[in-house]
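**Q** Predicted model follows, preceded by the sequence.
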Amino acid sequence: MIDFKVIADGMRDELVKRRRDFHMYPEIGFEEFRTSEIVAHELSELGLAVQTKVGRTGVIGILEGQQDGPTILVRSDMDALPIQEQNVVEYVSRIPGKMHACGHDAHMTMALAVAKIMVKHQSQIRGRIKFMFQPGEEGYGGALEMIRDGVLNNPVPDVVLGMHVWTELPLGTVGVASGAMMSGSSVFTIIVKGKGGHAAMPYKTIDPVSCTGELIMALHTIVGRKMDAMAGAVVLSVTSVNTSSHAFNVIPQQVEIRGTFRTFNAYTSEVMEQHIQSVSRSVCASVGCEAQVTIKHLTIPLINNVAVAKRVRKAMKQVVKSNALDQTVRTMASEDFSYLVDEIPGMFFLVGAANPDKGITFGHHHPCFNIDEDVLPLGVALMSAAVAEYVMRDA
(Lines give C-alpha, C1' and ligand atoms only; values in the text may rest on other atoms or scores of the structure.)
Protein backbone atom coordinates (compact mmCIF):
# COMPACT_ATOMS: atom_id res chain seq x y z
CA MET A 1 0.00 0.00 0.00
CA ILE A 2 1.29 3.45 -0.93
CA ASP A 3 1.66 5.73 2.11
CA PHE A 4 0.49 9.01 0.61
CA LYS A 5 0.83 10.84 3.92
CA VAL A 6 4.54 10.07 4.18
CA ILE A 7 5.08 11.06 0.55
CA ALA A 8 3.15 14.33 0.93
CA ASP A 9 4.87 15.22 4.20
CA GLY A 10 8.19 14.86 2.41
CA MET A 11 7.05 17.44 -0.14
CA ARG A 12 6.13 20.11 2.41
CA ASP A 13 8.93 22.57 1.61
CA GLU A 14 8.26 22.56 -2.12
CA LEU A 15 4.52 22.85 -1.50
CA VAL A 16 5.02 25.93 0.67
CA LYS A 17 7.34 27.50 -1.91
CA ARG A 18 4.89 26.94 -4.77
CA ARG A 19 1.89 28.15 -2.79
CA ARG A 20 3.66 31.33 -1.74
CA ASP A 21 4.65 32.10 -5.31
CA PHE A 22 1.04 31.79 -6.44
CA HIS A 23 0.00 33.89 -3.45
CA MET A 24 2.35 36.75 -4.33
CA TYR A 25 1.03 37.07 -7.87
CA PRO A 26 -2.77 36.75 -7.70
CA GLU A 27 -4.90 37.08 -10.82
CA ILE A 28 -8.68 37.51 -10.85
CA GLY A 29 -11.20 35.69 -13.04
CA PHE A 30 -10.19 35.10 -16.67
CA GLU A 31 -6.96 37.08 -16.12
CA GLU A 32 -5.00 34.06 -14.86
CA PHE A 33 -2.36 34.35 -17.57
CA ARG A 34 0.80 33.93 -15.48
CA THR A 35 -0.93 31.34 -13.30
CA SER A 36 -2.17 29.16 -16.14
CA GLU A 37 1.20 29.38 -17.88
CA ILE A 38 2.92 28.01 -14.77
CA VAL A 39 0.31 25.26 -14.38
CA ALA A 40 0.58 24.20 -18.03
CA HIS A 41 4.38 24.19 -17.84
CA GLU A 42 4.40 22.06 -14.68
CA LEU A 43 1.96 19.54 -16.16
CA SER A 44 3.93 19.34 -19.41
CA GLU A 45 7.17 18.77 -17.50
CA LEU A 46 5.48 15.85 -15.76
CA GLY A 47 4.61 14.34 -19.14
CA LEU A 48 0.86 14.93 -19.12
CA ALA A 49 -1.07 15.72 -22.28
CA VAL A 50 -1.91 19.40 -21.80
CA GLN A 51 -4.65 21.59 -23.24
CA THR A 52 -4.65 25.35 -22.64
CA LYS A 53 -7.17 28.15 -23.16
CA VAL A 54 -10.05 25.88 -22.17
CA GLY A 55 -12.79 28.15 -20.87
CA ARG A 56 -10.56 31.10 -21.84
CA THR A 57 -7.68 30.66 -19.37
CA GLY A 58 -8.31 27.15 -18.07
CA VAL A 59 -5.86 24.24 -18.31
CA ILE A 60 -6.43 20.50 -18.63
CA GLY A 61 -3.79 17.84 -18.06
CA ILE A 62 -4.41 14.15 -18.72
CA LEU A 63 -2.35 11.37 -17.19
CA GLU A 64 -2.90 8.02 -18.92
CA GLY A 65 -2.47 4.83 -16.93
CA GLN A 66 -0.86 1.62 -18.13
CA GLN A 67 -4.16 -0.27 -18.17
CA ASP A 68 -7.76 0.49 -19.03
CA GLY A 69 -10.05 1.80 -16.32
CA PRO A 70 -12.15 4.76 -15.18
CA THR A 71 -11.50 8.44 -15.78
CA ILE A 72 -11.21 10.55 -12.64
CA LEU A 73 -11.48 14.33 -12.93
CA VAL A 74 -9.58 16.33 -10.29
CA ARG A 75 -10.54 19.99 -10.24
CA SER A 76 -8.66 23.00 -8.86
CA ASP A 77 -9.67 26.66 -9.17
CA MET A 78 -7.08 29.34 -9.94
CA ASP A 79 -8.51 32.84 -9.53
CA ALA A 80 -7.97 35.38 -6.77
CA LEU A 81 -10.19 38.17 -5.47
CA PRO A 82 -10.20 41.99 -5.89
CA ILE A 83 -9.14 42.56 -2.26
CA GLN A 84 -6.21 44.57 -0.87
CA GLU A 85 -4.26 42.18 1.34
CA GLN A 86 -3.57 43.26 4.92
CA ASN A 87 -1.42 40.34 6.05
CA VAL A 88 2.10 41.20 7.24
CA VAL A 89 4.01 38.29 5.73
CA GLU A 90 7.00 38.01 3.43
CA TYR A 91 4.84 36.49 0.71
CA VAL A 92 2.16 39.21 0.77
CA SER A 93 0.48 39.95 -2.56
CA ARG A 94 2.67 41.97 -4.92
CA ILE A 95 -0.36 43.03 -6.98
CA PRO A 96 -2.23 46.05 -5.57
CA GLY A 97 -5.90 45.42 -4.96
CA LYS A 98 -5.71 41.67 -5.63
CA MET A 99 -5.30 38.80 -3.19
CA HIS A 100 -5.64 35.04 -2.87
CA ALA A 101 -8.19 35.48 -0.08
CA CYS A 102 -9.94 32.14 -0.54
CA GLY A 103 -7.17 29.56 -0.82
CA HIS A 104 -7.08 28.88 -4.54
CA ASP A 105 -3.30 29.27 -4.39
CA ALA A 106 -3.27 26.24 -2.08
CA HIS A 107 -5.65 24.29 -4.31
CA MET A 108 -3.41 24.66 -7.36
CA THR A 109 -0.35 23.74 -5.35
CA MET A 110 -1.98 20.58 -4.03
CA ALA A 111 -3.40 19.49 -7.39
CA LEU A 112 0.01 19.85 -9.05
CA ALA A 113 1.53 17.77 -6.25
CA VAL A 114 -1.09 15.06 -6.72
CA ALA A 115 -0.18 14.97 -10.41
CA LYS A 116 3.50 14.62 -9.51
CA ILE A 117 2.79 11.74 -7.15
CA MET A 118 0.57 9.95 -9.64
CA VAL A 119 3.18 10.23 -12.39
CA LYS A 120 5.64 8.40 -10.16
CA HIS A 121 3.12 5.57 -9.80
CA GLN A 122 1.84 5.67 -13.38
CA SER A 123 2.51 1.96 -13.91
CA GLN A 124 -0.12 1.17 -11.26
CA ILE A 125 -2.84 3.37 -12.74
CA ARG A 126 -5.82 1.66 -14.31
CA GLY A 127 -7.59 4.29 -16.36
CA ARG A 128 -6.63 7.96 -16.39
CA ILE A 129 -6.63 11.08 -14.29
CA LYS A 130 -7.84 14.33 -15.80
CA PHE A 131 -6.64 17.45 -13.99
CA MET A 132 -8.83 20.53 -14.43
CA PHE A 133 -7.43 23.93 -13.49
CA GLN A 134 -10.37 26.31 -13.64
CA PRO A 135 -10.47 30.10 -14.01
CA GLY A 136 -13.14 32.43 -12.70
CA GLU A 137 -14.66 30.50 -9.80
CA GLU A 138 -15.40 33.67 -7.85
CA GLY A 139 -18.67 34.54 -9.55
CA TYR A 140 -17.38 34.55 -13.13
CA GLY A 141 -18.87 31.23 -14.24
CA GLY A 142 -15.54 29.56 -14.93
CA ALA A 143 -16.83 26.01 -14.48
CA LEU A 144 -19.56 26.55 -17.06
CA GLU A 145 -17.03 28.09 -19.47
CA MET A 146 -14.84 24.98 -19.23
CA ILE A 147 -17.87 22.69 -19.58
CA ARG A 148 -18.84 24.55 -22.75
CA ASP A 149 -15.29 24.03 -24.03
CA GLY A 150 -15.52 20.28 -23.46
CA VAL A 151 -13.82 19.54 -20.14
CA LEU A 152 -16.38 16.80 -19.52
CA ASN A 153 -15.74 15.17 -22.90
CA ASN A 154 -12.95 13.19 -24.55
CA PRO A 155 -12.76 11.35 -22.23
CA VAL A 156 -15.93 11.62 -20.19
CA PRO A 157 -15.13 11.42 -16.46
CA ASP A 158 -16.67 8.66 -14.38
CA VAL A 159 -16.09 10.54 -11.13
CA VAL A 160 -15.19 14.16 -10.31
CA LEU A 161 -13.32 15.19 -7.14
CA GLY A 162 -12.57 18.60 -5.66
CA MET A 163 -11.43 20.07 -2.36
CA HIS A 164 -11.22 23.42 -0.59
CA VAL A 165 -9.07 24.60 2.28
CA TRP A 166 -11.45 25.79 4.98
CA THR A 167 -10.69 28.15 7.87
CA GLU A 168 -14.07 27.42 9.43
CA LEU A 169 -12.53 24.07 10.44
CA PRO A 170 -9.39 23.46 12.51
CA LEU A 171 -6.32 21.98 10.91
CA GLY A 172 -6.61 18.19 10.79
CA THR A 173 -10.40 18.11 10.38
CA VAL A 174 -12.01 17.23 7.05
CA GLY A 175 -15.59 18.06 6.03
CA VAL A 176 -16.92 15.03 4.13
CA ALA A 177 -20.70 15.37 4.05
CA SER A 178 -22.92 13.43 1.66
CA GLY A 179 -25.75 15.14 -0.20
CA ALA A 180 -26.22 18.91 -0.14
CA MET A 181 -23.14 20.50 1.45
CA MET A 182 -22.87 23.94 -0.18
CA SER A 183 -25.67 26.25 -1.20
CA GLY A 184 -26.64 27.65 -4.55
CA SER A 185 -25.90 31.35 -4.94
CA SER A 186 -28.16 34.00 -6.43
CA VAL A 187 -27.75 37.76 -6.60
CA PHE A 188 -30.35 40.50 -6.90
CA THR A 189 -30.39 44.15 -7.91
CA ILE A 190 -33.37 46.34 -7.09
CA ILE A 191 -33.71 49.84 -8.53
CA VAL A 192 -36.08 51.92 -6.40
CA LYS A 193 -37.32 54.76 -8.60
CA GLY A 194 -38.93 57.86 -7.10
CA LYS A 195 -39.05 61.58 -7.73
CA GLY A 196 -36.04 63.59 -6.65
CA GLY A 197 -35.83 67.12 -5.37
CA HIS A 198 -34.48 69.47 -2.70
CA ALA A 199 -33.84 67.85 0.67
CA ALA A 200 -35.37 70.92 2.35
CA MET A 201 -38.72 70.24 0.64
CA PRO A 202 -39.23 66.45 0.84
CA TYR A 203 -43.01 66.83 0.53
CA LYS A 204 -42.46 67.75 -3.12
CA THR A 205 -40.62 64.49 -3.80
CA ILE A 206 -41.32 60.79 -3.79
CA ASP A 207 -38.36 59.81 -1.64
CA PRO A 208 -36.67 56.58 -2.83
CA VAL A 209 -34.23 56.70 0.11
CA SER A 210 -36.87 56.34 2.83
CA CYS A 211 -38.61 53.73 0.68
CA THR A 212 -35.35 51.83 0.41
CA GLY A 213 -35.05 51.76 4.19
CA GLU A 214 -38.48 50.15 4.47
CA LEU A 215 -37.68 47.76 1.65
CA ILE A 216 -34.43 46.54 3.23
CA MET A 217 -36.28 45.73 6.46
CA ALA A 218 -38.98 43.92 4.49
CA LEU A 219 -36.46 41.90 2.48
CA HIS A 220 -34.73 40.76 5.66
CA THR A 221 -38.03 39.45 7.05
CA ILE A 222 -38.68 37.19 4.05
CA VAL A 223 -36.64 34.29 5.45
CA GLY A 224 -38.21 34.37 8.91
CA ARG A 225 -41.78 35.23 7.94
CA LYS A 226 -42.43 33.90 4.45
CA MET A 227 -40.26 30.76 4.26
CA ASP A 228 -41.04 27.41 5.88
CA ALA A 229 -38.36 26.86 8.52
CA MET A 230 -38.66 23.09 8.01
CA ALA A 231 -38.26 23.27 4.24
CA GLY A 232 -34.50 23.84 4.16
CA ALA A 233 -31.81 26.36 4.99
CA VAL A 234 -31.92 29.75 3.31
CA VAL A 235 -30.25 33.11 3.90
CA LEU A 236 -30.71 36.58 2.37
CA SER A 237 -28.38 39.54 2.78
CA VAL A 238 -28.55 43.09 1.41
CA THR A 239 -24.93 44.02 0.81
CA SER A 240 -24.88 47.33 -1.07
CA VAL A 241 -26.91 50.56 -1.30
CA ASN A 242 -26.12 53.34 -3.78
CA THR A 243 -28.00 56.48 -4.81
CA SER A 244 -28.01 58.47 -8.02
CA SER A 245 -26.83 61.53 -6.09
CA HIS A 246 -24.08 62.05 -3.53
CA ALA A 247 -25.01 65.60 -2.50
CA PHE A 248 -26.17 66.10 1.11
CA ASN A 249 -29.01 68.42 0.09
CA VAL A 250 -30.50 66.38 -2.77
CA ILE A 251 -33.11 63.65 -2.58
CA PRO A 252 -32.11 61.38 -5.48
CA GLN A 253 -34.22 60.09 -8.31
CA GLN A 254 -33.41 56.47 -7.53
CA VAL A 255 -31.57 54.08 -5.22
CA GLU A 256 -29.91 50.80 -6.14
CA ILE A 257 -29.98 47.89 -3.68
CA ARG A 258 -27.82 44.82 -4.24
CA GLY A 259 -27.62 41.56 -2.33
CA THR A 260 -27.54 37.79 -2.37
CA PHE A 261 -29.60 34.83 -1.26
CA ARG A 262 -28.49 31.24 -0.77
CA THR A 263 -30.48 28.00 -0.66
CA PHE A 264 -29.87 24.25 -0.70
CA ASN A 265 -32.42 23.36 -3.38
CA ALA A 266 -33.83 24.78 -6.60
CA TYR A 267 -37.44 24.95 -5.38
CA THR A 268 -36.53 27.14 -2.41
CA SER A 269 -34.55 29.38 -4.75
CA GLU A 270 -37.60 29.84 -6.99
CA VAL A 271 -39.81 30.68 -3.99
CA MET A 272 -37.26 33.21 -2.75
CA GLU A 273 -37.18 34.87 -6.17
CA GLN A 274 -40.97 35.21 -6.19
CA HIS A 275 -41.00 36.72 -2.70
CA ILE A 276 -38.26 39.24 -3.52
CA GLN A 277 -40.19 40.35 -6.58
CA SER A 278 -43.54 40.70 -4.79
CA VAL A 279 -42.19 42.33 -1.60
CA SER A 280 -40.15 44.86 -3.59
CA ARG A 281 -43.06 45.90 -5.75
CA SER A 282 -45.60 46.10 -2.92
CA VAL A 283 -43.36 48.11 -0.57
CA CYS A 284 -42.40 50.55 -3.32
CA ALA A 285 -45.97 50.92 -4.58
CA SER A 286 -47.18 51.73 -1.06
CA VAL A 287 -45.23 55.03 -1.11
CA GLY A 288 -45.51 55.82 -4.81
CA CYS A 289 -42.15 54.45 -5.92
CA GLU A 290 -41.44 51.88 -8.60
CA ALA A 291 -39.30 48.75 -8.19
CA GLN A 292 -37.20 47.29 -10.98
CA VAL A 293 -35.95 43.84 -9.87
CA THR A 294 -33.23 41.78 -11.55
CA ILE A 295 -32.22 38.35 -10.20
CA LYS A 296 -29.34 36.22 -11.46
CA HIS A 297 -28.56 32.68 -10.36
CA LEU A 298 -24.78 32.22 -10.20
CA THR A 299 -24.50 28.65 -8.96
CA ILE A 300 -26.72 25.74 -8.07
CA PRO A 301 -26.50 23.80 -4.78
CA LEU A 302 -23.51 21.49 -4.52
CA ILE A 303 -24.75 17.93 -3.96
CA ASN A 304 -22.18 15.26 -3.13
CA ASN A 305 -22.96 11.84 -4.54
CA VAL A 306 -23.69 9.50 -1.63
CA ALA A 307 -21.85 6.49 -3.06
CA VAL A 308 -18.79 8.50 -4.08
CA ALA A 309 -18.65 10.25 -0.70
CA LYS A 310 -18.78 6.91 1.13
CA ARG A 311 -15.97 5.50 -0.97
CA VAL A 312 -13.80 8.61 -0.61
CA ARG A 313 -14.25 8.63 3.16
CA LYS A 314 -13.06 5.02 3.26
CA ALA A 315 -9.94 5.97 1.29
CA MET A 316 -9.24 8.96 3.55
CA LYS A 317 -8.97 6.68 6.57
CA GLN A 318 -5.55 5.73 5.22
CA VAL A 319 -4.48 9.32 5.90
CA VAL A 320 -6.43 10.51 8.97
CA LYS A 321 -8.31 8.89 11.82
CA SER A 322 -12.04 8.31 11.48
CA ASN A 323 -12.88 11.00 14.05
CA ALA A 324 -11.21 13.62 11.84
CA LEU A 325 -13.85 13.04 9.14
CA ASP A 326 -16.82 15.28 9.92
CA GLN A 327 -19.94 14.32 7.96
CA THR A 328 -22.04 17.16 9.41
CA VAL A 329 -20.21 20.12 7.89
CA ARG A 330 -22.33 22.18 5.52
CA THR A 331 -22.11 25.83 4.54
CA MET A 332 -24.17 28.56 2.90
CA ALA A 333 -21.11 29.51 0.87
CA SER A 334 -21.31 28.43 -2.77
CA GLU A 335 -19.04 26.86 -5.38
CA ASP A 336 -19.44 26.42 -9.11
CA PHE A 337 -17.99 22.93 -8.69
CA SER A 338 -21.72 22.29 -8.26
CA TYR A 339 -22.12 22.30 -12.05
CA LEU A 340 -19.60 19.47 -12.36
CA VAL A 341 -21.30 17.20 -9.81
CA ASP A 342 -24.62 18.04 -11.45
CA GLU A 343 -23.29 16.27 -14.56
CA ILE A 344 -20.91 13.64 -13.11
CA PRO A 345 -21.08 11.71 -9.79
CA GLY A 346 -18.58 13.31 -7.48
CA MET A 347 -17.52 14.73 -4.16
CA PHE A 348 -16.24 18.04 -2.83
CA PHE A 349 -14.56 18.03 0.58
CA LEU A 350 -13.32 20.73 2.96
CA VAL A 351 -9.87 20.51 4.54
CA GLY A 352 -9.53 22.40 7.82
CA ALA A 353 -6.85 25.11 7.64
CA ALA A 354 -7.42 27.24 10.78
CA ASN A 355 -4.95 27.44 13.66
CA PRO A 356 -5.81 29.86 16.49
CA ASP A 357 -2.36 29.35 18.05
CA LYS A 358 -0.86 31.00 14.94
CA GLY A 359 -3.58 33.63 14.64
CA ILE A 360 -4.96 31.94 11.54
CA THR A 361 -8.67 32.37 12.13
CA PHE A 362 -9.87 34.88 9.54
CA GLY A 363 -12.66 33.79 7.24
CA HIS A 364 -12.60 33.47 3.49
CA HIS A 365 -12.66 36.71 1.46
CA HIS A 366 -11.21 38.67 4.41
CA PRO A 367 -8.11 40.84 3.74
CA CYS A 368 -6.28 38.96 6.52
CA PHE A 369 -7.25 35.49 5.30
CA ASN A 370 -4.46 32.96 5.54
CA ILE A 371 -3.97 29.22 6.06
CA ASP A 372 -1.80 27.01 8.22
CA GLU A 373 0.50 25.66 5.54
CA ASP A 374 0.52 22.24 7.20
CA VAL A 375 -2.78 21.82 5.36
CA LEU A 376 -0.85 21.53 2.08
CA PRO A 377 0.66 18.05 2.57
CA LEU A 378 -2.54 16.90 4.28
CA GLY A 379 -4.68 17.95 1.31
CA VAL A 380 -2.25 16.30 -1.11
CA ALA A 381 -2.40 13.03 0.82
CA LEU A 382 -6.20 13.09 1.08
CA MET A 383 -6.75 13.78 -2.61
CA SER A 384 -4.11 11.23 -3.64
CA ALA A 385 -5.79 8.56 -1.53
CA ALA A 386 -9.20 9.45 -3.00
CA VAL A 387 -7.90 9.24 -6.57
CA ALA A 388 -6.03 6.01 -5.87
CA GLU A 389 -9.24 4.44 -4.57
CA TYR A 390 -10.55 4.59 -8.15
CA VAL A 391 -7.50 4.07 -10.33
CA MET A 392 -5.06 2.16 -8.08
CA ARG A 393 -7.15 -0.46 -6.36
CA ASP A 394 -3.98 -2.33 -5.33
CA ALA A 395 -2.66 0.87 -3.71
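**A** It's in. Numbering: from 1, shown residues only.
**Q** Count the neighbours of the residue nearest to Ile295 when sequence neighbours are not counted for me.
**A** Leaving out its chain neighbours, the residue that sits closest to Ile295 by C-beta to C-beta, 6 or more residues apart in numbering is Phe188, at 4.8 Å. The way it works is simple: take the backbone N, C-alpha and C, and place the C-beta from them, glycine included. Neighbours of Phe188 under the rule other C-beta atoms under 10 Å: 21.
**Q** go on, the one 4 residues further on?
**A** The number of residues packed near Val192 is 29, by other C-beta under 10 Å.
**Q** ok, now the one 3 residues further on?
**A** Each residue near Lys195 was counted by other C-beta under 10 Å, and the total is 15.
**Q** Tell me how far it lies from Pro367.
**A** Distance of Lys195 to Pro367, given as C-beta to C-beta, to the nearest Å: 40 Å.
**Q** Quick check: Ser240 touching Arg258?
**A** Yes - with contact defined as C-beta atoms under 8 Å, Ser240 counts as touching Arg258 (4.0 Å).
**Q** Which of those two has more residues huddled nearby?
**A** When Ser240 and Arg258 are compared for neighbours, Arg258 comes out ahead with 14 against 10, by other C-beta under 10 Å.
**Q** for the most centrally placed residue in the chain, what are its contacts?
**A** Centroid-nearest residue in the chain: Glu335, 3.6 Å away (criterion: C-alpha atoms, centre = their mean). Going by C-beta atoms under 8 Å, 6 or more residues apart in numbering, Glu335 touches Glu137, Gly162, His164, Met182, Thr299, Leu302, Phe348.
**Q** out of those, which one sits closest to Gln122?
**A** The nearest member of the contacts of Glu335 to Gln122, counting by C-beta to C-beta, is Gly162 at 22.3 Å.
**Q** Could you find the closest non-adjacent residue to Val319?
**A** Ala381 (4.6 Å).
**Q** Counting neighbours, what do you get for that neighbour?
**A** Look at Ala381: counted by other C-beta under 10 Å, it has 26 neighbours.
**Q** Phi and psi next, for it.
**A** phi -70, psi -40 (degrees, to the nearest 10).
**Q** pretty sure it contacts Met11?
**A** No - using C-beta under 8 Å, Ala381 makes no contact with Met11, being 9.6 Å away.
**Q** Specify the residue ranges that define each domain of this structure.
**A** Using automatic domain parsing, the domains assigned to the chain come out as 4-181+302-391, 184-299.
**Q** winner for burial among the ones you listed?
**A** Mean neighbours per residue, mean count of other C-beta atoms under 10 Å, is largest over the domains of the chain for domain 4-181+302-391, with a mean of 20.
**Q** next one: that one to chain centre, how far?
**A** A distance of 11 Å separates the centroid of the chain from that of domain 4-181+302-391, by C-alpha atoms, centre = their mean, to the nearest Å.
**Q** Show the average pLDDT along whichever helix or strand Met217 is part of.
**A** Assigned by DSSP states H and E, Met217 belongs to helix 208-220. Mean pLDDT, helix 208-220: 98.
**Q** got it, and stretch 162-171?
**A** Regarding stretch 162-171, the rounded mean pLDDT is 98.
**Q** Same question for stretch 5-17.
**A** 98.
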